[in-house]
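Participant: build me a model:
(one chain, ligands or ions: 2)
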Amino acid sequence: MTIGVIGGGAWGTALAQVLAETEHVLLWAREPEVISGINDAHENRDFLPGVTLSPRIHATGDMGELARVSTWLVVAPAQHLRRVLAASPLEHQPTLVLCAKGIEAGSLLLMAEVVADVAGADLPVAILSGPTFAGEVARGLPTAVTLACADEALGETLTARLARPAFRPYYSDDVTGAEIGGAVKNVLAIACGVVEGAGLGLNARAALIARGFAEMTRFGLARGARAETLAGLSGLGDLVLTCSSPNSRNFTLGLGIGRGETVADLLAATRTVAEGASTAPVLVEAARAVGVEMPIAEGVAALLAGAPIRETVARLLARPLKAE
Ligand SMILES: NC(=O)C1=CN([C@@H]2O[C@H](COP(=O)(O)OP(=O)(O)OC[C@H]3O[C@@H](n4cnc5c(N)ncnc54)[C@H](O)[C@@H]3O)[C@@H](O)[C@H]2O)C=CC1
Ligand SMILES: O=C(CO)COP(=O)(O)O
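Facilitator: Residues are numbered from 1 along each chain as shown. Ligands and ions are numbered 1, 2, ... in the order given. Now for the predicted structure:
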């Protein structure tokens, strides 16, 4: 085995498939049926059905096996990252490439900050983020991502290590910027889904994307991100992707809310994660903590808490007029 992946959801499986073009991949998954499906039938029917997986992917439920590889792509959902890492053999000092998009509830920490909290700040960490629907990546369609790492030499090594003919990482040293773009776009994708579901029109969706990007940028700058990172693949690139397609689970959650379904029913009906649902209230809290206004994120958090759409939209439109 040459590289590890933690998390057998759609994204962990798709990344394993890309890496398996040239490497042997050890994939840790939680669900016994996912493990046996990958090892015996070369398919992850639960989270990425319809894709024949490489025989170079070996799935395991034993975290201890990860000690055999020194680089791990960590693809557990944001709210589970801390617990999953705490159960892993971190004492072997692996290099971690973090692939979840979110902010931890309670602590308000970004993913790299959670790692520093769990394992100490010395562990080498990078962020992989960008416009990447798992199904497309797994089918080998052309995709570009941001690979952010504060250590430039390590970032360039990882960029070369993870690149494949149709999978193109761009190096950045702006870890915070890459993290914030991915976390915030999920919340805005829910808003765009609501607009679609409630029939509010394409003008409204374009306005949400542009004003949502302004919110992402304000918050990012306040947290030390750089504007050009937010305007790149991991920010604007991913925002445009997820705000315009029902292939996005976050957009689809919003679509259901817009059509009048309850959030509880929508979340209960799926095993897949819509990170924006947990990120929205956390983002509102994190923005207030740095004195940044995020009215669209607040609107999404209100809708997720059960506020009526009509009132939430009216509140957004009634805000004082201001310069763009
Ligand atoms: N699916 C995609 O296209 C992309 C997903 N991502 C991000 O990757 C992360 C993982 O998402 P997916 O692989 O799509 O997940 P998924 O929605 O396909 O599957 C859910 C995942 O959550 C895990 N899970 C559920 N309960 C858990 C628990 N208590 N503890 C630990 N893990 C638990 C499951 O084992 C499974 O791996 C998310 O942060 C997502 O935003 C990023 C880019 C693309
Ligand atoms: O992050 C993603 C694409 O870049 C996947 O988006 P969803 O989680 O909304 O499906």
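
Participant: can the longest helix seen in the chain be found next to ligand 2?
Facilitator: Ranked by residue count under DSSP state H, the longest helix found in the chain is helix 175-197. Yes: in this structure, helix 175-197 sits against ligand 2 according to C-beta under 6 Å from any ligand atom; the contacting residues are 186, 189. Every residue, glycine included, has its C-beta placed from N, CA and C.

Participant: ok, then the element right after that helix?
Facilitator: Beyond helix 175-197 in the direction of the C-terminus, DSSP states H and E gives the next helix or strand as helix 202-222.

Participant: angle of that following helix against helix 175-197?
Facilitator: In this structure, helix 202-222 runs at an angle of 160 degrees to helix 175-197, with axes from the mean of the first three to the mean of the last three C-alpha atoms, to 10 degrees as the basis.

Participant: gap between the nearest residue to Leu253 once chain neighbours are set aside and Gly193?
Facilitator: Once flanking residues are discounted, Leu253 sits nearest to Ala274: 4.4 Å by C-beta to C-beta, 6 or more residues apart in numbering. Using C-beta to C-beta, to the nearest Å, one gets 10 Å for the distance from Ala274 to Gly193.

Participant: those two: which is more packed in?
Facilitator: More crowded of Ala274 and Gly193, by other C-beta atoms under 10 Å: Gly193, with 30 against 24.

Participant: kindly state the pLDDT recorded for the more buried one?
Facilitator: We have a pLDDT of 97 for Gly193.

Participant: report the contact partners of the residue lying closest to it once chain neighbours are set aside.
Facilitator: Counting by C-beta to C-beta, 6+ apart, Gly193 lies nearest to Gly254, which is 2.3 Å off, once chain neighbours are set aside. By C-beta atoms under 8 Å, 6 or more residues apart in numbering, Gly254 lies in contact with 189-197, 300.

Participant: check Ala160 too.
Facilitator: With contacts defined as C-beta under 8 Å, 6+ apart, Ala160 is in contact with no residue.

Participant: one more: Val184?
Facilitator: Applying C-beta under 8 Å, 6+ apart, one finds that Val184 lies in contact with 212, 215-216, 219-220, 235, 239, 279, 283, 297.

Participant: related to what we said a few turns ago, what's the overlap in contacts for Ala274 and Gly193?
Facilitator: Counting by C-beta under 8 Å, 6+ apart, the common neighbours of Ala274 and Gly193 are 250, 252-253.

Participant: what pLDDT, on average, does the helix or strand where Arg310 lies get?
Facilitator: Arg310 belongs to helix 309-317 when elements are defined using DSSP H and E. Across helix 309-317, the average pLDDT comes to 91.

Participant: and that helix, which residues are buried?
Facilitator: Within helix 309-317, the residues that count as buried by 16 or more other C-beta atoms under 10 Å are 309, 312-313, 316.
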